[in-house]
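*Asks:* Kindly generate the corresponding structure for this input.
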Amino acid sequence: MSTGIAFLKGHGTENDFVIVPDPENAVELSPAAVAALCDRRAGIGGDGVLHVVRSAAHPEARAMAADAEWFMDYRNGDGSVAEMCGNGVRVFARYLRHAGLVAEGDLAVATRGGVKSVHIAKDGDITVGMGRARLPEGDVAVSVGPHVWPARNVNMGNPHAVAFVDDLADAGDLLSAPPFHPAAAYPDGVNVEFVVDRGPGHVAMRVHERGSGETRSCGTGACAVAVAAARRDGADPAVTGTPVTYRVDVLGGTLVITERADGEIEMTGPAVIVAEGEIDREWLETAAG
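*Replies:* Next comes the predicted model:
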């Protein structure tokens with residue numbers, strides 16, 4: 001009889017995740033264990049871990065159990081806990097459909113950023129209601145080497161600093177977190193997006209994700225970028241009553257972001273399951289120290 005821990009591997013616009021199905025919250029995933037799983041040479045490899053738990057079985061999600069059966073216990077690649085991951089929600093929903101736990105159509109998913117509404121389309125794309133953006137007041141800036149850019153402070157349930165640049169290469173290698181100031185703006189760190197224009201309603205971005213480094217895609221980041229671009233372009237659906245849609249190119253593909261007149265932001269894009277297998281329990285215990 002196998003004593004391994006089931007896992008799957010999936011990605012959304014190449015933002016990739018190790019998926020650990022654990023309905024009853026029986027698998028202990030310490031920060032060290034998560035980091036080991038996400039290690040691209042010594043582990044399975046991923047930008048983060050999607051721990052799939054029934055909301056009623058997780059202390060952080062029990063209050064949401066009446067509204068959402070499943071809780072996305074998301075962890076960054078370094079093992080730290082994150083409030084929300086837009087690409088992760090789509091892959092999480094794809095897993096639930098793949099496993100036969102939900103049907104096509106509408107679905108609610110509990111996250112640390114609240115309950116998110118999801119729609120699984122027949123064509124394979126998944127739309128996630130990402131909530132409303134908050135735009136904290138105060139000037140912020142980010143820098144790479146000698147270059148400094150003003151940035152838009154956007155909160156999508158997690159913090160973002162969005163900087164418009166002339167060339168995506170200006171962001172450098174993004175191996176380490178770009179410095180920002182003032183430090184008080186982001187006491188727990190920030191996701192930093194560098195953005196260029198591609199055409200009307202069309203931008204491209206690179207991102208340094210807090211706790212993960214540069215990733216091929218960031219769903220909450222794409223939403224933050226779309227909101228920042230809309231405000232820069234003089235568009236605010238809450239004022240005009242007219243939805244605004246931006247196509248956001250990331251390194252791993254394209255996401256379509258719509259900000260509705262009620263402020264709700266919807267993100268549509270692909271989500272793919274690529275493999276499944278078992279984690280050796282002894283290896284994980286050893287790796288976790």
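
*Asks:* Show residues contacting the lowest-mean-pLDDT helix or strand in the chain.
*Replies:* Every helix and strand of the chain was ranked by mean pLDDT, DSSP states H and E. The lowest is strand 213-215, at a mean of 90. Applying Cβ atoms under 8 Å, 6 or more residues apart in numbering, the external contacts of strand 213-215 come out as Asn15, Asp47, Gly77, Asp173, Leu174, Leu175, Ser176, Arg206, Val207, His208, Glu209. Every C-beta, even on glycine, is put in place using the N, C-alpha and C of the backbone.

*Asks:* Could you rerun that using 10 Å?
*Replies:* Contact with strand 213-215 is made by 13-16, 47-48, 76-78, 85, 87, 171-177, 191-192, 206-209, 221, 250-252, as judged by Cβ atoms under 10 Å, 6 or more residues apart in numbering.

*Asks:* Centroid-nearest residue for the protein?
*Replies:* Cys85 (2.4 Å; Cα atoms, centre = their mean).

*Asks:* how far away is that one from Ile126?
*Replies:* 13 Å (Cβ to Cβ, to the nearest Å).

*Asks:* does the residue nearest to the centre of the chain really touch Asp16, like I thought?
*Replies:* No - with contact defined as Cβ atoms under 10 Å, Cys85 does not reach Asp16; the gap is 11.5 Å.

*Asks:* so what sits against both of the two?
*Replies:* Asp47, Gly48, Val91, Thr215.

*Asks:* anything in contact with each of Cys85 and Ile126?
*Replies:* Here Cys85 and Ile126 have Gly12, Val91, Phe92 as joint contacts, going by Cβ under 10 Å, 6+ apart.

*Asks:* ok, so of these, who is nearest Ala65?
*Replies:* Phe92 (16.3 Å; Cβ to Cβ).

*Asks:* about what we covered before: could you please name the strands the least confident helix or strand of the chain pairs with and the direction of each pair?
*Replies:* strand 202-209 (antiparallel) (DSSP bridges).

*Asks:* ok now the strand it pairs with, how far from the chain's centre?
*Replies:* Centroid displacement of strand 202-209 relative to its chain, using Cα atoms, centre = their mean, to the nearest Å, is 13 Å.

*Asks:* Please point out which parts of that strand sit buried.
*Replies:* Val203, Ala204, Met205, Arg206, Val207, His208, Glu209 (16 or more other Cβ atoms under 10 Å).

*Asks:* swap in stretch 240-256?
*Replies:* For stretch 240-256, by 16+ other Cβ under 10 Å, it's Val244, Tyr246, Arg247, Val248, Asp249, Val250, Leu251, Gly252, Gly253, Thr254, Leu255, Val256.

*Asks:* what's the spacing between that stretch and its chain's center?
*Replies:* Per Cα atoms, centre = their mean, the centroid offset for stretch 240-256 relative to its chain is 15 Å.

*Asks:* how about the CA coordinates for it, as PDB?
*Replies:* Written as PDB, here are the backbone C-alpha positions of stretch 240-256 (Å, rounded to 0.1, in the frame of the first residue of the first chain):
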ATOM      1  CA  THR A 240     -18.200  56.600 -16.000                       C
ATOM      2  CA  GLY A 241     -20.400  53.500 -15.500                       C
ATOM      3  CA  THR A 242     -18.600  51.900 -18.400                       C
ATOM      4  CA  PRO A 243     -16.500  48.700 -17.900                       C
ATOM      5  CA  VAL A 244     -12.800  48.800 -19.000                       C
ATOM      6  CA  THR A 245     -10.900  45.900 -20.400                       C
ATOM      7  CA  TYR A 246      -7.200  45.500 -20.800                       C
ATOM      8  CA  ARG A 247      -5.200  42.700 -22.500                       C
ATOM      9  CA  VAL A 248      -2.100  42.100 -20.300                       C
ATOM     10  CA  ASP A 249       0.700  40.100 -21.800                       C
ATOM     11  CA  VAL A 250       2.900  38.200 -19.300                       C
ATOM     12  CA  LEU A 251       5.900  36.200 -20.000                       C
ATOM     13  CA  GLY A 252       3.800  33.000 -20.000                       C
ATOM     14  CA  GLY A 253       0.900  34.200 -22.100                       C
ATOM     15  CA  THR A 254      -2.000  36.600 -22.000                       C
ATOM     16  CA  LEU A 255      -4.600  37.500 -19.400                       C
ATOM     17  CA  VAL A 256      -7.800  39.500 -20.100                       C
END
